[in-house]
Structures are given as structure tokens and as C-alpha cells.
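1. 3D, please:
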Amino acid sequence: MSGNEHNQQSQTGAADEQVSVLLIADPGKATALAHRVAQRLPEQLRSRDGRRRRWTTHVRSEPYLSDEQAALFEVVGAVEPSSEREDLVIYLTDLPRREDTVPVVADVSADHLFALVSVAAVGGVRIESRVENAVELVIARALNEPNLAPPNASRRLPSEQIDGGTRYFAPSGLRRLRLLSGMVRANRPWRLVTGLSKVLVGAFATGAFALATSTIWLFADTMGPWRMSAATVLSIAAMVLWLVLDHELWERPKAPQERQRSVLYNAATVVTLLIGVAILHVALFCLLLFTASVTLPPHLLSNTVGHAVNFSDYLTLAWLLASIATIGGALGSGLEDDDAVTDAAYGIRQRQRLEKTREQSFEHEQE
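-> Sure thing, here's the model as predicted:
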């Protein structure tokens, strides 16, 4: 079987039994996470295993889950864990699973020795340790050996019996926020700056052109922090709105039962774009501050504004220029094709889900 294998034997080397675990993960972030978890998992399990078994782990990257709300038995049927050589199969997906509005961290089938873990449901911080704890918990549940679970893990994650197994939910308190942060983290909003190269070039060109206008110097000198802050907020909001509308990133529910899912994905899209555009704004501020410091002599700026200038005046000018440049970037985003914007704004699995939704809509219209 292809994939990385991480073996960990007991210190004595005397292992009477071997237990192998296969981690199947969605491509991208989930796969990288699975590899890191697999490296530490055997040692963690061995430390709690009174039987001193030898634990081995394998990792395979393959997307099985097309619908984040698929029932456990449907996922089991798609993966077919009984056909695998490993004793346990755990599938890590970055799609957000939920029951109504409650995030679902994991589903476990002890009969099939199979578990499904949602990376998005663990939240946007301490992802690796939380996923590792969830994996150890589902292994303990699948084997019916509570001693293998991390301390207090069962109490932190509420559970209930479902058809074919056990379901674990996110801890109470800010559950939806935890799920949303996990989805945004999977989208990697910081990639927006490098993903939208034409936007960045257009925004910088707009800011550089405005730098050559003495009227902008006077505006920066007289606007004050409150007006400057308002200009920043409005410029970021305008660019996010333009990206959403111009590239059709807003998801519309096709049926009433899809409304909650659409709200969740739309919120993740907006937050992802807000963070990404804010990072773009900061990048433009730094570039334009450097450009203004190099190209604009202090005496020329001083003669225009009517008083001596210092570095804080350049900071204020770059602040205003970054807001103007962000507006220019919004217009420049129209030069990007829809695929480039989608690649920059969404994670791999969300892009695949969106593409499938569009294909289904097109087929329905053709019928």
C-alpha cells in the first residue's frame, strides 16, 4: 500500500501483538495533518496500552466524502474498511460535519473498526493537538478500551449513540464559532495575497499613482485617525463585496434544508475574504510606506502641507494610500478569472464541493 509508515515499538522490543492504523485524509491540509499525527500516534497509544502491543500507522491521501452530511453507514460503504489490511481505519476530512447547528467532531463504528473525524469541527486553533486527541479517542472507542483515550477526552466531547455507532460533538460553548473558525482555517486566507497577483499589481499601481498627487498629501494631513480608520474599513468592505458579487462566491440554497449549510459556507467565505483582504491591505501599506519614504523628499511634502514633517507623516500618508490602493485592487479583481479567485478564496475540499454543486446545477438546468 502506498503511503508513509511510522512504526513505534515498545522499548523492550517484546510485542506480542501488532495493531495497525490507517489514516485516510482529504488532499491538502488534512493530509499534512494526518502525517504529523501519524508520527506521534504510536508512542501516545503505547504509553497508555497496558498490553504493550506494537502500534503502526499508515497515511493515504484520498477524498471519499462528497457530502459533509453523509450518514456514517454511507461513509463506511464508500471507504469499505473491511477491504483494508489495517486493523483500524480513520478518515480525516476537512469538510464541516454537523447535526442541525451542533458541530460533529467524529463518528465511530466499532463493528467496522472505522471512524470519521472532521478537522473543521475541532476549531481554528490548536488544530493538531485537538485532532490527535480526537483520533486517540475514536481508537479507544472502536476497540472498547477506554484506557487508550486521552485523559478527560470523553468528558470534553459529548457523545450519543447513532445508527451504526457513536457520535462525538464539539464541546459546549461557542460551538458554531469553533466550526466556523475551523472552516476559515482550512481555507487558508493568507493565500489570498499571493493567489490574486493581478489584484496586488493593480492595487499597488493605484497607490503609486495616488502618491504622485499633492492633493492626497493634504488629505492625509487633515483627515485624522477616525476618518482614516473609516476609509480603511470601507475600502476592505468594498473589496470583499466586489469579490463576492463579481465572482459569484455567494452560495444560494436550492432547497429549504440547505439553508443552514449555505449560511455556514457564506459566513466562512466572508470571514476568509475579510482576513485575506486585511492582510493584503497591510502588505500594501508596507510597500507604499517604503515607496513614499524613498521617492518623496521631506522638504517637498513639508512645503505642500505647510509644516515640518517626520516619519509619522509618512505613516499617515501610507495609511491613506493603502485604503485608496485597496479600492483599486477591487476594480483590478475583475481582471482575474473566476477559477483564480476561487482557488485563492477556498480550500481544496471546499473548491471541489463548489465545483460539484455547480455541475449538478448545470445538469439540472439542462434537464
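
2. those helices in the stretch 251-367 of the chain, which residues are they?
-> 259-295, 298-305, 311-332, 338-345, 348-366 (DSSP state H, counting those that start in this stretch).

3. Tell me if residue 59 really is in a strand.
-> Yes: counting by DSSP: H, G, I helix; E, B strand; the rest coil, residue 59 is part of a strand.

4. need the contact list for it.
-> 3, 4, 22, 23, 24, 25, 31, 34, 35, 38 (CB atoms under 8 Å, 6 or more residues apart in numbering). Quick note: C-beta positions are derived from backbone N, CA and C, even for glycine.

5. count of residues packed around the closest residue to residue 149 other than its chain neighbours?
-> Distances taken as CB to CB, 6 or more residues apart in numbering put residue 140 closest to residue 149, at 3.8 Å, once the chain neighbours are dropped. Residue 140 has 20 neighbours, counted by other CB atoms under 10 Å.

6. next one: residue 18
-> Residues lying near residue 18 (other CB under 10 Å) number 12.

7. How about the contacts made by it?
-> Per CB under 8 Å, 6+ apart, neighbours of residue 18: 53, 54, 55, 56.

8. cool, residue 20 as well?
-> 55, 56, 57, 58, 85, 86, 87, 88.

9. Please report how far the third one lies from residue 136.
-> Applying CB to CB, to the nearest Å, one obtains 12 Å for the distance of residue 57 from residue 136.

10. thinking again about what came up before, farthest pair in the contacts of residue 20?
-> Farthest pair in the contacts of residue 20 (CB to CB) is 55 and 85. Separation: 15.0 Å.

11. Please say which of these two ends up with more neighbours.
-> residue 55 (26 against 8).

12. The helix or strand where the more buried one lies pairs with which strands, parallel or anti?
-> Per DSSP states H and E, residue 55 falls inside strand 54-61. Sheet partners assigned to strand 54-61 using DSSP bridges are listed as strand 5-8 (antiparallel), strand 18-25 (parallel).

13. care to break the protein down by domain?
-> Per automatic domain parsing, the structural domains of the chain span 5-174, 189-346.

14. check contacts around residue 252.
-> If a contact means CB under 8 Å, 6+ apart, then residue 252 has residue 262 as its contacts.

15. Could you report the separation of it from residue 259?
-> 10 Å.

16. Might one say that residue 49 is in contact with residue 55?
-> Yes: Residue 49 sits in contact with residue 55 when judged by CB atoms under 8 Å, with a separation of 7.4 Å.

17. Return stretch 244-256 as CSV; C-alpha atoms alone will do.
-> Provided in CSV are the C-alpha atoms of stretch 244-256 (Å, rounded to 0.1, in the frame of the first residue of the first chain):
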residue,chain,number,x,y,z
VAL,A,244,-18.2,38.1,-3.7
LEU,A,245,-20.5,39.6,-6.3
ASP,A,246,-18.3,39.8,-9.3
HIS,A,247,-17.0,36.2,-9.0
GLU,A,248,-20.3,34.7,-7.7
LEU,A,249,-18.9,33.4,-4.4
TRP,A,250,-22.2,33.7,-2.6
GLU,A,251,-23.9,30.4,-2.3
ARG,A,252,-27.7,30.3,-2.7
PRO,A,253,-29.7,27.4,-1.1
LYS,A,254,-31.5,25.3,-3.7
ALA,A,255,-33.9,23.9,-1.0
PRO,A,256,-35.0,24.9,2.5
